[in-house]
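Q: Sequence first, predicted model second:
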Amino acid sequence: MTRLPTLEEIRRAPKVLLHDHLDGGLRPETIIDLARDCGHTLPTYDPGELAAWFRDAADSGSLERYLETFSHTVGVMQTREGLVRVAAECAEDLADDGVMYAEVRYAPEQHTSRGLSLDQVVEAVLEGFRLGSAGPDGKPRIRVGTLLTAMRHQARSMEIAELAVRYRDLGVVGFDIAGAEAGYPPTRHLDAFEYLQRENAHFTIHAGEGFGLPSIWQAIQWCGADRLGHGVRIIDDITVPENGEAKLGRLAAYVRDKRIPLEMCPTSNLQTGAAPSIAEHPIGLLRRLHFRVTVNTDNRLMSDTSLSQEFAKLVDAFGYDWDDLQWFTVNAMKSAFIPFDERLALINGVIKPGYAQMKWHA
Ligand SMILES: O=c1[nH]cnc2c1ncn2[C@@H]1O[C@H](CO)[C@@H](O)[C@H]1O
Ligand SMILES: [Zn+2]
């Protein structure tokens, strides 16, 4: 039997990350520095204790309570300097983990409480990603695209969609909606999605995480989402009889037939109660059934994780080998919001040779 990939090896393999929140991935030391600068009160000022506080508070079993922890990250991301620093460190941390292409999202409307305009917020984050992506030789170590998120309980999605279109040639590659799902169906924001479709723009929607199939159905069939954030509850439309073949309902069949990418975030799903354990996470079944599954971090701080660690947990639970990890990575690259020729160049020029090398050494 061949040896399974180790965490150290996974760190060295080229990886693609489509679902990562900027305000869910701050370094604890940075939160403390920024909180001292702006007078924001934290539960503790010790970096180790603060990291543990975020992980434990997010381990709540409910999406709503999980989201409460963001008041301490969003609270310190209200100035240009703070946003530039957080974005630069995000790009550095992802590159250090071997991520070569990432789409990082955040909600501009949450960063204007100290007077920044939406445009100033977007420009600060783009500048941070530019600075943090550069290696010591000045060449980029990672490519970071931005997704602009609108909060689903608010009413600013049209404004944020227009912002995403305005900055689409400057590093913003798409749009998203996030926040508590139950009670806030995506169709509340239909005008924004219809506008984006008319503009030939790309968007993903958090759906099927804190709420079930109706949310996924609306996201795809009413709103026209290109991808699904999480989408784990799609398994409610699949039955697996003992010793029998899995049977897909019409919605699950549609998602698989149309190759709609699922941005799965295993550890985050355990914390919010969307899945009971990694071993029982729907990703195992969905991968077997050849849905277009991708692996993501969601919030590295709250989940105390990295993309390499998410992969390592899946290797541990499902026995995935380098072919599986390459499959997830190619799926993610195929599903990215950058142009087709650029995705193809990264698949053939970076991912395939990178995994061939990992397999050669295994
Ligand atoms: O898994 C999630 N589901 C829904 N909303 C989320 C999740 N993670 C983060 N956010 C929300 O997205 C905002 C912008 O980044 C965050 O402030 C948080 O409220
Ligand atoms: Zn998310």
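A: The structure has been received and is ready for your questions. Ligands and ions are numbered 1, 2, ... in the order given.

Q: Show me what from this structure comes close to ligand 1.
A: 21, 23-24, 63, 67, 70, 74, 105-107, 110, 149, 178-179, 206, 209, 268, 298-299 (Cβ under 6 Å from any ligand atom). Where C-beta positions appear, they are placed from N, C-alpha and C, glycine not excepted.

Q: Okay, and which of the residues you listed map to helices?
A: Taking DSSP state H, the ones among these that sit in helices are 63, 67, 74, 268.

Q: How about the contacts made by the third one?
A: Pointing back at residue 74 there. Residues counted as contacts of residue 74 (Cβ atoms under 8 Å, 6 or more residues apart in numbering) are 23, 110, 111.

Q: ok, now the first one?
A: Contacts here follow Cβ under 8 Å, 6+ apart; on that basis residue 63 touches 180, 181, 182, 209, 210, 272, 273, 274.

Q: for the residues you listed, which one is nearest ligand 1?
A: residue 209 (5.5 Å; Cβ to the nearest ligand atom).

Q: That closest one reaches residue 230, doesn't it?
A: Yes. Counting by Cβ atoms under 8 Å, residue 209 touches residue 230, with 3.8 Å between them.

Q: Quickly list what's touching both of the two.
A: Joint contacts of residue 209 and residue 230 (Cβ under 8 Å, 6+ apart) are 269, 274.

Q: Would you verify that residue 183 is located in a strand?
A: No. Counting by DSSP: H, G, I helix; E, B strand; the rest coil, residue 183 is not part of a strand but coil.

Q: Check the spacing between it and residue 69 real quick.
A: Residue 183 sits at a distance of 20 Å from residue 69 (criterion: Cβ to Cβ, to the nearest Å).

Q: Looking at these two, which one has more neighbours?
A: When residue 183 and residue 69 are compared for neighbours, residue 69 comes out ahead with 23 against 11, by other Cβ atoms under 10 Å.

Q: so what's the more buried one up against?
A: 54, 57, 58, 302.

Q: For those residues, which two are the farthest from each other?
A: Using Cβ to Cβ, the two most remote members of those are 57 and 302, lying 8.0 Å apart.

Q: So residue 230 is in contact with residue 274, correct?
A: Yes. The pair residue 230 / residue 274 is scored as a contact, 6.7 Å apart, by Cβ under 8 Å.

Q: With neighbour numbers in mind, choose between the two.
A: Remark: of residue 230 and residue 274, residue 230 carries more neighbours, 29 against 24, as counted by other Cβ under 10 Å.

Q: any idea how far residue 210 is from the residue in the stretch 51-200 of the chain that ligand 1 sits nearest to?
A: Per Cβ to the nearest ligand atom, residue 178 is where the stretch 51-200 of the chain lies closest to ligand 1, at 3.4 Å. Distance, residue 178 to residue 210, using Cβ to Cβ: 11 Å.

Q: Also residue 124?
A: Residue 124 is 30 Å from residue 210, by Cβ to Cβ.

Q: Mind jotting down where the strands sit in the chain?
A: 15-21, 99-106, 143-151, 172-178, 204-207, 227-230, 238-239, 247-248, 262-264, 293-295 (DSSP state E).

Q: Now render those as JSON lines, adding mean pLDDT.
A: Below are these laid out as JSON lines (pLDDT from 0 to 100):
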{"stretch": "strand 15-21", "mean pLDDT": "99"}
{"stretch": "strand 99-106", "mean pLDDT": "99"}
{"stretch": "strand 143-151", "mean pLDDT": "98"}
{"stretch": "strand 172-178", "mean pLDDT": "98"}
{"stretch": "strand 204-207", "mean pLDDT": "98"}
{"stretch": "strand 227-230", "mean pLDDT": "98"}
{"stretch": "strand 238-239", "mean pLDDT": "98"}
{"stretch": "strand 247-248", "mean pLDDT": "98"}
{"stretch": "strand 262-264", "mean pLDDT": "98"}
{"stretch": "strand 293-295", "mean pLDDT": "98"}
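
Q: got the contact list for the residue sitting nearest the centre point of the chain?
A: Residue closest to the average C-alpha location in the chain (Cα atoms, centre = their mean): residue 19, at 1.2 Å. By Cβ under 8 Å, 6+ apart, the contact set of residue 19 is 103, 105, 204, 229, 263, 265, 294, 296, 297, 298.

Q: same check, this time on residue 129
A: Contacts of residue 129 (Cβ under 8 Å, 6+ apart): 87, 88, 90, 91, 104, 144, 146, 171.

Q: do residue 110 as well
A: 23, 74, 77, 151.

Q: Next: residue 336.
A: Contacts of residue 336 by Cβ under 8 Å, 6+ apart are 16, 18, 101, 103, 145, 173, 343.
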